[in-house]
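give me the fold of what follows.
(2 chains)
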Amino acid sequence: MTLRLHNSLTGRKEEFQPLEPGVVRMYTCGPTVWGPAHIGNMRSFLLYDLIRRQMRLSGCEVRHVMNLTDVDDRIIEQSDAAGMVISEFTPRWEESVLSDLKRLRAEPAEWYPRATQHVPEMIELISRLLELGHAYAMEGDVYFRIDSFPAYGALSKLDRRGKPVTTRVATDKYEKESASDFALWKAATERDRRVGAAWQTPFGLGRPGWHIECSAMASKYLGETLDLHAGGVDLLFPHHENEIAQSEAANRKPFSRYWLHGEHLTIATGDKMSKSSGNFLTLSDLLAAGHDPVAIRFQLLAGAHYRQRTHLSDEAIRAAAEQVRRLRELELRLSLLVPRPGVDDAAIYETALDGQAAYREAIDDDLNLAQGVGQVFEVVRQANSALDAGRVGTAGREAVLQLLAAADAHLDVLRGDEESLDEDVERLIEEREEARRRRDFATSDRIRDELRGRGLVLEDSREGVRWRRVPASG
RNA sequence: GGCGACGUAGCCAAGUGGUAAGGCAGAGGUCUGCAAAACCUCCAUCACCAGUUCGAUUCUGGUCGUCGCCUCCA
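Have a look, this model is predicted:
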(Lines give C-alpha, C1' and ligand atoms only; values in the text may rest on other atoms or scores of the structure.)
Protein backbone atom coordinates (compact mmCIF):
# COMPACT_ATOMS: atom_id res chain seq x y z
CA MET A 1 0.00 0.00 0.00
CA THR A 2 1.33 3.40 -0.86
CA LEU A 3 0.48 6.85 0.32
CA ARG A 4 -2.61 8.39 -1.16
CA LEU A 5 -3.15 12.11 -0.76
CA HIS A 6 -6.15 14.30 -1.40
CA ASN A 7 -5.01 16.58 -4.21
CA SER A 8 -6.88 19.88 -4.22
CA LEU A 9 -6.06 20.25 -7.88
CA THR A 10 -8.18 17.27 -8.86
CA GLY A 11 -10.37 16.95 -5.78
CA ARG A 12 -9.45 13.30 -5.52
CA LYS A 13 -7.17 11.06 -3.53
CA GLU A 14 -4.20 10.10 -5.65
CA GLU A 15 -1.20 7.91 -5.12
CA PHE A 16 1.79 10.01 -4.29
CA GLN A 17 4.95 9.46 -6.29
CA PRO A 18 7.71 12.04 -6.39
CA LEU A 19 8.92 13.05 -9.81
CA GLU A 20 12.45 11.98 -9.01
CA PRO A 21 12.30 8.69 -7.14
CA GLY A 22 13.54 9.03 -3.59
CA VAL A 23 13.45 12.83 -3.44
CA VAL A 24 10.47 14.89 -2.35
CA ARG A 25 10.42 18.57 -3.15
CA MET A 26 7.87 20.36 -1.03
CA TYR A 27 7.00 23.99 -0.55
CA THR A 28 4.76 25.12 2.27
CA CYS A 29 3.39 28.56 2.96
CA GLY A 30 4.74 30.00 6.15
CA PRO A 31 3.66 32.96 8.22
CA THR A 32 3.75 36.67 7.65
CA VAL A 33 5.90 37.85 10.50
CA TRP A 34 4.12 40.88 11.87
CA GLY A 35 3.16 39.45 15.24
CA PRO A 36 2.98 36.17 17.09
CA ALA A 37 1.71 33.22 15.10
CA HIS A 38 -1.54 31.85 16.46
CA ILE A 39 -2.30 28.26 17.29
CA GLY A 40 -4.25 27.87 14.05
CA ASN A 41 -1.08 28.68 12.14
CA MET A 42 0.58 25.98 14.18
CA ARG A 43 -1.98 23.44 13.09
CA SER A 44 -0.96 24.03 9.49
CA PHE A 45 2.70 23.91 10.32
CA LEU A 46 2.22 20.61 12.11
CA LEU A 47 0.47 19.29 9.02
CA TYR A 48 3.65 20.14 7.11
CA ASP A 49 5.56 18.29 9.82
CA LEU A 50 3.35 15.25 9.41
CA ILE A 51 3.80 15.25 5.64
CA ARG A 52 7.57 15.49 5.81
CA ARG A 53 7.84 12.83 8.49
CA GLN A 54 5.80 10.43 6.40
CA MET A 55 7.93 11.18 3.34
CA ARG A 56 11.09 10.48 5.26
CA LEU A 57 9.65 7.30 6.74
CA SER A 58 8.87 6.06 3.28
CA GLY A 59 12.56 6.40 2.51
CA CYS A 60 12.63 9.70 0.67
CA GLU A 61 15.01 12.55 1.04
CA VAL A 62 12.93 15.60 1.85
CA ARG A 63 13.70 19.03 0.48
CA HIS A 64 11.31 21.31 2.23
CA VAL A 65 10.98 25.06 1.94
CA MET A 66 8.83 27.14 4.25
CA ASN A 67 8.88 30.82 3.46
CA LEU A 68 8.80 33.65 5.95
CA THR A 69 7.02 36.65 4.52
CA ASP A 70 8.88 39.59 5.91
CA VAL A 71 7.46 42.40 3.81
CA ASP A 72 3.77 43.20 3.44
CA ASP A 73 1.22 45.89 4.25
CA ARG A 74 0.89 45.12 7.94
CA ILE A 75 4.60 44.78 8.49
CA ILE A 76 5.05 48.17 6.89
CA GLU A 77 2.28 49.68 9.01
CA GLN A 78 3.59 48.22 12.23
CA SER A 79 7.19 49.10 11.53
CA ASP A 80 6.23 52.63 10.69
CA ALA A 81 4.16 52.95 13.84
CA ALA A 82 7.11 51.70 15.86
CA GLY A 83 9.50 54.05 14.08
CA MET A 84 11.53 51.17 12.76
CA VAL A 85 12.60 49.90 9.38
CA ILE A 86 11.14 46.52 8.54
CA SER A 87 14.45 44.71 8.91
CA GLU A 88 14.48 45.82 12.53
CA PHE A 89 10.88 44.91 13.09
CA THR A 90 10.52 41.38 11.68
CA PRO A 91 13.35 39.36 13.31
CA ARG A 92 11.62 39.28 16.64
CA TRP A 93 8.52 37.67 15.13
CA GLU A 94 10.53 35.27 13.03
CA GLU A 95 12.19 34.05 16.19
CA SER A 96 8.84 33.80 17.90
CA VAL A 97 7.43 31.53 15.20
CA LEU A 98 10.52 29.34 14.99
CA SER A 99 10.58 28.99 18.74
CA ASP A 100 6.91 27.93 18.81
CA LEU A 101 7.65 25.35 16.14
CA LYS A 102 10.47 23.99 18.21
CA ARG A 103 8.34 23.71 21.32
CA LEU A 104 5.81 21.77 19.30
CA ARG A 105 8.55 19.48 18.05
CA ALA A 106 8.12 20.28 14.40
CA GLU A 107 11.03 19.02 12.36
CA PRO A 108 12.84 22.00 10.87
CA ALA A 109 12.48 22.61 7.15
CA GLU A 110 15.59 22.57 5.03
CA TRP A 111 15.09 26.24 4.11
CA TYR A 112 13.27 29.19 5.63
CA PRO A 113 13.79 31.82 2.93
CA ARG A 114 12.80 35.44 3.51
CA ALA A 115 11.08 37.45 0.83
CA THR A 116 13.30 40.49 1.29
CA GLN A 117 16.36 38.39 0.55
CA HIS A 118 15.04 37.24 -2.82
CA VAL A 119 14.21 40.42 -4.63
CA PRO A 120 16.63 39.69 -7.51
CA GLU A 121 14.88 36.37 -8.15
CA MET A 122 11.52 38.13 -8.17
CA ILE A 123 12.79 40.78 -10.57
CA GLU A 124 13.94 38.08 -12.92
CA LEU A 125 10.63 36.27 -12.78
CA ILE A 126 8.62 39.43 -13.30
CA SER A 127 10.86 40.44 -16.20
CA ARG A 128 10.24 37.14 -17.86
CA LEU A 129 6.49 37.53 -17.43
CA LEU A 130 6.70 40.98 -18.97
CA GLU A 131 8.68 39.68 -21.93
CA LEU A 132 6.22 36.88 -22.51
CA GLY A 133 3.26 39.24 -22.41
CA HIS A 134 1.82 37.76 -19.22
CA ALA A 135 2.36 40.97 -17.32
CA TYR A 136 2.18 44.69 -17.92
CA ALA A 137 3.55 47.72 -16.15
CA MET A 138 1.35 50.62 -15.20
CA GLU A 139 2.52 53.71 -13.37
CA GLY A 140 5.19 51.87 -11.42
CA ASP A 141 3.06 48.82 -10.68
CA VAL A 142 3.33 45.55 -12.54
CA TYR A 143 0.26 43.36 -12.92
CA PHE A 144 -0.25 39.81 -14.04
CA ARG A 145 -2.52 39.62 -17.07
CA ILE A 146 -5.01 36.94 -16.16
CA ASP A 147 -6.50 36.83 -19.65
CA SER A 148 -3.15 35.60 -20.92
CA PHE A 149 -3.38 32.49 -18.80
CA PRO A 150 -6.44 30.42 -19.77
CA ALA A 151 -5.90 27.83 -17.06
CA TYR A 152 -6.53 30.44 -14.38
CA GLY A 153 -9.04 29.17 -11.83
CA ALA A 154 -8.19 25.49 -12.20
CA LEU A 155 -7.24 25.07 -8.58
CA SER A 156 -9.96 27.12 -6.91
CA LYS A 157 -12.63 26.22 -9.47
CA LEU A 158 -13.82 29.77 -9.38
CA ASP A 159 -15.71 30.84 -12.42
CA ARG A 160 -14.19 34.21 -13.04
CA ARG A 161 -16.58 35.11 -15.80
CA GLY A 162 -19.47 35.32 -13.38
CA LYS A 163 -17.49 37.00 -10.68
CA PRO A 164 -18.49 40.39 -9.40
CA VAL A 165 -15.66 42.78 -10.07
CA THR A 166 -16.40 45.51 -7.61
CA THR A 167 -14.46 45.34 -4.36
CA ARG A 168 -11.09 44.82 -5.87
CA VAL A 169 -11.11 47.85 -8.09
CA ALA A 170 -11.94 50.15 -5.25
CA THR A 171 -8.86 49.18 -3.28
CA ASP A 172 -6.37 49.56 -6.07
CA LYS A 173 -4.93 52.88 -6.93
CA TYR A 174 -4.65 52.57 -10.66
CA GLU A 175 -6.71 51.22 -13.47
CA LYS A 176 -5.89 47.71 -14.44
CA GLU A 177 -6.75 46.03 -17.69
CA SER A 178 -8.95 43.62 -15.85
CA ALA A 179 -10.25 43.89 -12.34
CA SER A 180 -8.93 40.51 -11.32
CA ASP A 181 -5.39 41.10 -12.53
CA PHE A 182 -3.17 41.00 -9.49
CA ALA A 183 -0.05 42.90 -8.55
CA LEU A 184 3.39 41.39 -9.07
CA TRP A 185 5.15 44.56 -8.08
CA LYS A 186 3.92 47.69 -6.35
CA ALA A 187 5.33 51.18 -6.76
CA ALA A 188 6.83 52.45 -3.53
CA THR A 189 4.97 54.96 -1.43
CA GLU A 190 6.59 57.54 0.76
CA ARG A 191 6.07 55.27 3.74
CA ASP A 192 7.51 52.22 1.97
CA ARG A 193 10.71 54.20 1.49
CA ARG A 194 10.69 55.36 5.06
CA VAL A 195 10.58 51.84 6.50
CA GLY A 196 13.06 50.36 4.06
CA ALA A 197 10.48 48.46 2.03
CA ALA A 198 11.50 49.74 -1.37
CA TRP A 199 13.88 48.26 -3.91
CA GLN A 200 15.28 49.75 -7.09
CA THR A 201 14.27 47.64 -10.07
CA PRO A 202 13.90 47.90 -13.84
CA PHE A 203 10.21 48.68 -13.23
CA GLY A 204 11.00 51.42 -10.76
CA LEU A 205 11.34 51.76 -7.01
CA GLY A 206 8.90 49.46 -5.30
CA ARG A 207 8.15 46.34 -3.39
CA PRO A 208 6.92 42.84 -4.21
CA GLY A 209 3.31 41.83 -4.47
CA TRP A 210 2.24 39.13 -2.10
CA HIS A 211 2.32 36.09 -4.37
CA ILE A 212 5.52 36.55 -6.28
CA GLU A 213 7.86 35.57 -3.47
CA CYS A 214 6.55 32.03 -3.35
CA SER A 215 6.95 31.46 -7.06
CA ALA A 216 10.44 32.92 -7.05
CA MET A 217 11.69 31.11 -3.98
CA ALA A 218 10.08 27.78 -4.80
CA SER A 219 11.85 27.56 -8.13
CA LYS A 220 15.13 28.81 -6.71
CA TYR A 221 15.37 26.08 -4.07
CA LEU A 222 13.33 23.29 -5.58
CA GLY A 223 13.18 23.80 -9.33
CA GLU A 224 10.34 24.64 -11.66
CA THR A 225 8.10 21.72 -10.75
CA LEU A 226 7.39 20.86 -7.14
CA ASP A 227 6.15 17.50 -5.95
CA LEU A 228 3.95 18.99 -3.32
CA HIS A 229 2.73 22.36 -2.19
CA ALA A 230 0.75 22.82 1.00
CA GLY A 231 -0.95 25.56 2.92
CA GLY A 232 -4.08 26.50 4.78
CA VAL A 233 -7.39 26.44 2.91
CA ASP A 234 -7.60 30.19 3.05
CA LEU A 235 -4.61 30.36 0.72
CA LEU A 236 -6.26 28.33 -1.99
CA PHE A 237 -7.65 31.47 -3.52
CA PRO A 238 -6.21 33.79 -4.51
CA HIS A 239 -2.71 33.06 -3.26
CA HIS A 240 -2.12 29.59 -4.65
CA GLU A 241 -4.10 30.26 -7.78
CA ASN A 242 -1.87 33.22 -8.46
CA GLU A 243 1.30 31.31 -7.70
CA ILE A 244 0.29 28.77 -10.30
CA ALA A 245 -0.44 31.46 -12.86
CA GLN A 246 2.90 33.22 -12.33
CA SER A 247 5.03 30.12 -12.26
CA GLU A 248 3.40 28.23 -15.08
CA ALA A 249 3.15 31.25 -17.34
CA ALA A 250 6.85 31.91 -16.83
CA ASN A 251 8.17 28.35 -16.89
CA ARG A 252 5.62 26.59 -19.10
CA LYS A 253 5.75 23.65 -16.75
CA PRO A 254 3.39 22.39 -14.09
CA PHE A 255 4.13 24.25 -10.87
CA SER A 256 3.17 21.64 -8.32
CA ARG A 257 1.96 18.10 -8.86
CA TYR A 258 0.07 17.78 -5.57
CA TRP A 259 -1.67 20.46 -3.56
CA LEU A 260 -2.64 19.88 0.05
CA HIS A 261 -4.81 22.23 2.03
CA GLY A 262 -5.24 22.02 5.77
CA GLU A 263 -8.53 23.01 7.30
CA HIS A 264 -8.81 25.73 9.88
CA LEU A 265 -8.64 25.61 13.56
CA THR A 266 -11.56 27.68 14.74
CA ILE A 267 -12.27 29.51 17.93
CA ALA A 268 -14.72 27.94 20.36
CA THR A 269 -17.77 29.37 18.59
CA GLY A 270 -16.72 27.72 15.35
CA ASP A 271 -15.59 30.94 13.75
CA LYS A 272 -12.27 31.24 12.06
CA MET A 273 -9.25 32.31 14.02
CA SER A 274 -7.86 35.42 12.51
CA LYS A 275 -4.96 37.60 13.41
CA SER A 276 -6.46 40.73 11.96
CA SER A 277 -9.72 40.35 13.88
CA GLY A 278 -7.92 39.58 17.10
CA ASN A 279 -9.86 36.44 17.98
CA PHE A 280 -7.07 33.97 18.33
CA LEU A 281 -5.00 32.01 20.78
CA THR A 282 -1.25 31.66 20.72
CA LEU A 283 0.90 28.83 21.93
CA SER A 284 2.08 31.09 24.71
CA ASP A 285 -1.52 31.59 25.87
CA LEU A 286 -2.03 27.85 26.10
CA LEU A 287 1.26 27.25 27.88
CA ALA A 288 0.43 30.01 30.32
CA ALA A 289 -2.84 28.21 31.02
CA GLY A 290 -0.76 25.24 32.13
CA HIS A 291 -1.03 23.03 29.06
CA ASP A 292 1.77 20.73 27.99
CA PRO A 293 3.13 21.57 24.52
CA VAL A 294 3.29 17.89 23.74
CA ALA A 295 -0.41 17.49 24.48
CA ILE A 296 -1.12 20.44 22.21
CA ARG A 297 0.95 18.84 19.50
CA PHE A 298 -0.95 15.58 19.91
CA GLN A 299 -4.29 17.30 19.72
CA LEU A 300 -3.43 19.44 16.71
CA LEU A 301 -1.98 16.50 14.85
CA ALA A 302 -4.22 13.62 15.82
CA GLY A 303 -7.29 15.29 17.29
CA ALA A 304 -8.94 15.42 13.89
CA HIS A 305 -8.09 14.65 10.29
CA TYR A 306 -6.27 17.55 8.66
CA ARG A 307 -9.07 18.31 6.22
CA GLN A 308 -11.57 18.53 9.04
CA ARG A 309 -12.32 21.79 10.74
CA THR A 310 -11.85 21.57 14.46
CA HIS A 311 -11.23 23.66 17.52
CA LEU A 312 -9.10 23.43 20.60
CA SER A 313 -10.72 23.44 24.01
CA ASP A 314 -9.13 23.01 27.40
CA GLU A 315 -11.00 19.76 27.68
CA ALA A 316 -9.65 18.52 24.36
CA ILE A 317 -6.08 19.35 25.27
CA ARG A 318 -6.48 17.65 28.63
CA ALA A 319 -7.85 14.57 26.90
CA ALA A 320 -4.83 14.62 24.60
CA ALA A 321 -2.50 14.88 27.58
CA GLU A 322 -4.16 11.82 29.06
CA GLN A 323 -3.66 9.87 25.84
CA VAL A 324 0.00 10.82 25.77
CA ARG A 325 0.34 9.69 29.35
CA ARG A 326 -1.22 6.32 28.56
CA LEU A 327 1.12 5.75 25.64
CA ARG A 328 4.13 6.55 27.78
CA GLU A 329 2.83 4.41 30.59
CA LEU A 330 2.53 1.39 28.33
CA GLU A 331 5.98 1.92 26.89
CA LEU A 332 7.37 2.08 30.40
CA ARG A 333 5.58 -1.09 31.50
CA LEU A 334 6.90 -2.93 28.47
CA SER A 335 10.43 -1.73 29.00
CA LEU A 336 10.35 -2.87 32.64
CA LEU A 337 8.90 -6.24 31.77
CA VAL A 338 10.98 -9.32 32.48
CA PRO A 339 9.24 -11.93 30.35
CA ARG A 340 8.73 -15.33 31.82
CA PRO A 341 10.46 -17.93 29.67
CA GLY A 342 8.13 -19.91 27.49
CA VAL A 343 5.11 -17.68 28.02
CA ASP A 344 2.48 -17.97 25.31
CA ASP A 345 1.97 -14.45 23.99
CA ALA A 346 0.67 -15.29 20.54
CA ALA A 347 -2.53 -13.35 21.14
CA ILE A 348 -0.96 -9.97 21.88
CA TYR A 349 1.67 -10.58 19.24
CA GLU A 350 -1.00 -11.06 16.58
CA THR A 351 -2.96 -8.10 17.87
CA ALA A 352 0.07 -5.87 17.66
CA LEU A 353 0.85 -6.95 14.11
CA ASP A 354 -2.74 -6.32 13.07
CA GLY A 355 -2.52 -2.95 14.75
CA GLN A 356 0.61 -2.09 12.85
CA ALA A 357 -1.03 -2.94 9.56
CA ALA A 358 -4.15 -0.96 10.42
CA TYR A 359 -2.08 1.99 11.52
CA ARG A 360 -0.08 2.01 8.33
CA GLU A 361 -3.24 1.82 6.26
CA ALA A 362 -4.75 4.76 8.06
CA ILE A 363 -1.70 6.91 7.42
CA ASP A 364 -1.52 5.82 3.80
CA ASP A 365 -5.12 6.91 3.41
CA ASP A 366 -4.50 10.64 3.20
CA LEU A 367 -2.57 10.84 6.46
CA ASN A 368 -5.49 9.84 8.64
CA LEU A 369 -3.62 10.01 11.91
CA ALA A 370 -6.81 10.39 13.94
CA GLN A 371 -7.92 7.00 12.75
CA GLY A 372 -4.46 5.52 13.13
CA VAL A 373 -4.30 6.60 16.73
CA GLY A 374 -7.63 4.90 17.33
CA GLN A 375 -6.09 1.67 16.07
CA VAL A 376 -3.12 2.14 18.36
CA PHE A 377 -5.27 2.54 21.44
CA GLU A 378 -7.14 -0.63 20.68
CA VAL A 379 -3.79 -2.39 20.99
CA VAL A 380 -2.81 -0.35 24.02
CA ARG A 381 -5.79 -1.67 25.94
CA GLN A 382 -5.12 -5.25 24.97
CA ALA A 383 -1.44 -4.95 25.70
CA ASN A 384 -2.13 -3.65 29.19
CA SER A 385 -4.59 -6.44 29.68
CA ALA A 386 -2.04 -9.03 28.55
CA LEU A 387 0.56 -7.48 30.85
CA ASP A 388 -1.87 -7.74 33.77
CA ALA A 389 -2.39 -11.39 32.94
CA GLY A 390 1.32 -12.04 32.52
CA ARG A 391 0.86 -13.06 28.91
CA VAL A 392 3.50 -10.96 27.23
CA GLY A 393 6.79 -12.47 26.12
CA THR A 394 9.69 -11.11 24.15
CA ALA A 395 8.00 -11.33 20.78
CA GLY A 396 4.80 -9.71 21.98
CA ARG A 397 6.68 -6.98 23.74
CA GLU A 398 8.73 -6.18 20.66
CA ALA A 399 5.67 -6.13 18.44
CA VAL A 400 3.83 -3.69 20.69
CA LEU A 401 6.90 -1.51 21.10
CA GLN A 402 7.24 -1.45 17.34
CA LEU A 403 3.71 -0.23 16.97
CA LEU A 404 4.29 2.50 19.54
CA ALA A 405 7.45 3.51 17.73
CA ALA A 406 5.68 3.57 14.38
CA ALA A 407 3.03 5.90 15.73
CA ASP A 408 5.56 8.00 17.55
CA ALA A 409 7.48 8.50 14.35
CA HIS A 410 4.59 10.79 13.42
CA LEU A 411 3.35 11.86 16.83
CA ASP A 412 6.68 12.42 18.55
CA VAL A 413 5.16 12.50 22.01
CA LEU A 414 6.69 9.53 23.82
CA ARG A 415 9.93 11.19 24.68
CA GLY A 416 9.30 13.43 27.66
CA ASP A 417 11.15 16.58 28.46
CA GLU A 418 13.92 15.72 30.88
CA GLU A 419 12.86 16.47 34.39
CA SER A 420 14.45 15.88 37.76
CA LEU A 421 13.16 16.20 41.28
CA ASP A 422 14.30 18.56 43.97
CA GLU A 423 16.40 17.00 46.66
CA ASP A 424 13.86 17.57 49.39
CA VAL A 425 11.21 15.89 47.27
CA GLU A 426 13.47 12.90 46.73
CA ARG A 427 14.00 12.76 50.46
CA LEU A 428 10.26 12.84 51.12
CA ILE A 429 9.68 10.00 48.69
CA GLU A 430 12.38 7.98 50.43
CA GLU A 431 10.88 8.75 53.83
CA ARG A 432 7.54 7.57 52.61
CA GLU A 433 9.04 4.33 51.39
CA GLU A 434 10.55 3.86 54.84
CA ALA A 435 7.18 4.46 56.45
CA ARG A 436 5.49 2.01 54.12
CA ARG A 437 8.03 -0.64 54.99
CA ARG A 438 7.15 -0.04 58.64
CA ARG A 439 3.49 -0.17 57.62
CA ASP A 440 3.17 3.29 59.08
CA PHE A 441 0.45 4.25 56.63
CA ALA A 442 -0.53 7.42 58.42
CA THR A 443 2.88 8.89 57.74
CA SER A 444 3.10 7.55 54.21
CA ASP A 445 -0.32 8.95 53.30
CA ARG A 446 0.54 12.29 54.81
CA ILE A 447 3.64 12.52 52.63
CA ARG A 448 1.72 11.45 49.57
CA ASP A 449 -0.88 14.17 50.16
CA GLU A 450 1.87 16.67 50.75
CA LEU A 451 3.46 15.88 47.39
CA ARG A 452 0.11 15.86 45.64
CA GLY A 453 -0.30 19.42 46.82
CA ARG A 454 2.99 20.19 45.15
CA GLY A 455 1.91 18.71 41.85
CA LEU A 456 3.36 15.23 42.09
CA VAL A 457 1.35 12.04 42.01
CA LEU A 458 3.01 8.91 43.38
CA GLU A 459 2.18 5.47 42.09
CA ASP A 460 3.23 2.37 43.96
CA SER A 461 3.96 -0.50 41.64
CA ARG A 462 5.67 -3.83 41.77
CA GLU A 463 8.77 -2.23 40.27
CA GLY A 464 8.86 0.49 42.87
CA VAL A 465 7.41 3.94 43.32
CA ARG A 466 6.84 6.14 40.29
CA TRP A 467 5.96 9.80 40.09
CA ARG A 468 4.41 12.09 37.56
CA ARG A 469 3.47 15.71 37.38
CA VAL A 470 -0.08 16.98 37.46
CA PRO A 471 -1.47 20.46 37.97
CA ALA A 472 -0.69 21.37 41.56
CA SER A 473 -3.71 21.27 43.82
CA GLY A 474 -5.06 19.78 47.02
C1' G B 1 -25.54 37.00 -4.69
C1' G B 2 -21.85 32.94 -6.51
C1' C B 3 -19.00 28.58 -5.00
C1' G B 4 -18.03 25.06 -1.11
C1' A B 5 -17.77 22.35 3.55
C1' C B 6 -19.81 20.52 7.78
C1' G B 7 -23.87 18.80 11.43
C1' U B 8 -22.02 11.26 14.80
C1' A B 9 -22.88 10.19 22.70
C1' G B 10 -21.37 15.62 28.07
C1' C B 11 -16.58 16.76 25.18
C1' C B 12 -12.75 15.43 21.10
C1' A B 13 -13.55 12.27 17.04
C1' A B 14 -12.96 7.78 13.05
C1' G B 15 -15.89 5.45 9.71
C1' U B 16 -19.03 2.17 6.50
C1' G B 17 -24.89 0.46 2.01
C1' G B 18 -26.13 -4.46 6.28
C1' U B 19 -27.96 -2.11 12.61
C1' A B 20 -21.54 3.02 14.74
C1' A B 21 -13.43 2.65 15.84
C1' G B 22 -10.71 5.14 19.54
C1' G B 23 -9.78 8.82 23.48
C1' C B 24 -11.46 12.11 27.58
C1' A B 25 -15.14 12.82 31.23
C1' G B 26 -18.98 9.96 34.19
C1' A B 27 -21.14 5.38 36.90
C1' G B 28 -20.29 0.47 38.95
C1' G B 29 -16.62 -3.38 39.77
C1' U B 30 -11.51 -6.17 40.09
C1' C B 31 -6.71 -5.22 42.07
C1' U B 32 -4.39 -2.25 46.25
C1' G B 33 -2.98 -1.20 53.49
C1' C B 34 -5.52 3.11 51.16
C1' A B 35 -4.62 5.34 46.66
C1' A B 36 -2.76 5.76 41.78
C1' A B 37 -2.05 3.00 37.46
C1' A B 38 -4.10 -1.05 34.77
C1' C B 39 -8.17 -4.12 33.53
C1' C B 40 -13.65 -5.42 33.27
C1' U B 41 -18.81 -3.69 32.71
C1' C B 42 -22.22 0.36 31.48
C1' C B 43 -23.02 4.99 28.55
C1' A B 44 -25.31 7.12 20.70
C1' U B 45 -29.32 4.47 16.11
C1' C B 46 -25.24 9.08 13.39
C1' A B 47 -29.68 17.35 12.73
C1' C B 48 -34.74 16.75 10.48
C1' C B 49 -38.10 15.13 6.35
C1' A B 50 -38.87 12.42 1.92
C1' G B 51 -36.98 9.05 -1.81
C1' U B 52 -33.85 4.89 -3.97
C1' U B 53 -32.81 -0.07 -1.81
C1' C B 54 -34.31 -6.42 0.78
C1' G B 55 -31.60 -2.94 3.97
C1' A B 56 -28.97 4.00 4.76
C1' U B 57 -25.75 7.00 9.55
C1' U B 58 -23.32 5.98 4.84
C1' C B 59 -26.65 7.26 -1.98
C1' U B 60 -30.42 11.19 -4.05
C1' G B 61 -33.60 15.49 -3.18
C1' G B 62 -35.35 18.98 0.27
C1' U B 63 -35.53 21.60 5.18
C1' C B 64 -33.06 23.68 9.32
C1' G B 65 -28.44 24.99 11.51
C1' U B 66 -23.14 26.21 11.66
C1' C B 67 -18.97 27.75 9.10
C1' G B 68 -15.50 28.87 5.00
C1' C B 69 -13.92 31.17 0.27
C1' C B 70 -15.23 35.01 -3.30
C1' U B 71 -10.85 40.98 0.02
C1' C B 72 -5.02 40.64 3.83
C1' C B 73 -5.07 35.89 6.62
C1' A B 74 -2.26 28.82 8.10
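
got the contact list for A:Met42?
Residues in contact with A:Met42, defined by Cβ atoms under 8 Å, 6 or more residues apart in numbering, are A:100-101, A:104, A:283, A:296, A:300. Yep, even glycine has a C-beta here, placed from its N, CA and C like the rest.

can I get those residues in CSV with neighbour count?
Shown next, in CSV, are the contacts of A:Met42 (neighbours: other Cβ atoms under 10 Å):
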residue, neighbour count
A:Asp100, 23
A:Leu101, 25
A:Leu104, 21
A:Leu283, 23
A:Ile296, 25
A:Leu300, 27
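
could you dump the residues you listed into a markdown table and include pLDDT, distance to A:Ala268 and secondary structure?
Shown next, in a markdown table, are the contacts of A:Met42 (pLDDT from 0 to 100; distance: Cβ to Cβ, whole Å; DSSP: H, G, I helix; E, B strand; the rest coil):
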| residue | pLDDT | distance to A:Ala268 | secondary structure |
| --- | --- | --- | --- |
| A:Asp100 | 97 | 21 | helix |
| A:Leu101 | 97 | 24 | helix |
| A:Leu104 | 97 | 21 | coil |
| A:Leu283 | 96 | 17 | helix |
| A:Ile296 | 97 | 16 | helix |
| A:Leu300 | 97 | 16 | helix |
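
which one of those residues is nearest RNA strand B?
Lowest distance from RNA strand B to the contacts of A:Met42 (Cβ to the nearest atom of the strand) belongs to A:Leu300, with 9.4 Å.

that closest one touches A:Arg43, doesn't it?
Yes: contact criterion Cβ atoms under 8 Å: A:Leu300 and A:Arg43 qualify, at 4.8 Å.

overlap of the contact sets of those two?
A:Leu265.

please work out which residues outside stretch A:195-213 touch it.
A:67, A:69, A:71-72, A:75-76, A:79-80, A:84-87, A:89, A:115, A:118-119, A:122-123, A:125-127, A:130, A:137, A:140-142, A:182-188, A:192-193, A:238-239, A:242-243, A:246.

an error on my part: the question was meant for stretch A:275-295.
Contacts with stretch A:275-295, where a contact means Cβ under 8 Å, 6+ apart, come from A:34-40, A:42, A:74, A:100, A:103-105, A:267, A:271, A:273-274, A:296, A:312, A:314, A:317-318, A:320-321, A:324, A:413, A:416-417, A:471.

burial check on A:Arg4, number of neighbours?
The local packing of A:Arg4 (other Cβ atoms under 10 Å) involves 15 other residues.

next up, the contacts around it.
By Cβ under 8 Å, 6+ apart, the contact set of A:Arg4 is A:13-16, A:364-366.

could I get the residues you listed in CSV, plus columns for neighbour count?
Output for the contacts of A:Arg4, formatted as CSV (neighbours: other Cβ under 10 Å):
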residue, neighbour count
A:Lys13, 13
A:Glu14, 15
A:Glu15, 10
A:Phe16, 23
A:Asp364, 19
A:Asp365, 17
A:Asp366, 20
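
and those near RNA strand B, which?
Among the contacts of A:Arg4, proximity to RNA strand B is found for A:Asp365 (Cβ under 7 Å from any atom of the strand).

what about the contacts of A:Arg4, which are in helices?
Among these, the residues falling in helices (DSSP state H) are A:Asp364.

in the helix or strand hosting A:Tyr221, which residues are buried?
Per DSSP states H and E: A:Tyr221 is located in helix A:212-222. Buried residues in helix A:212-222, counting neighbours by 16 or more other Cβ atoms under 10 Å, are found at A:212-222.
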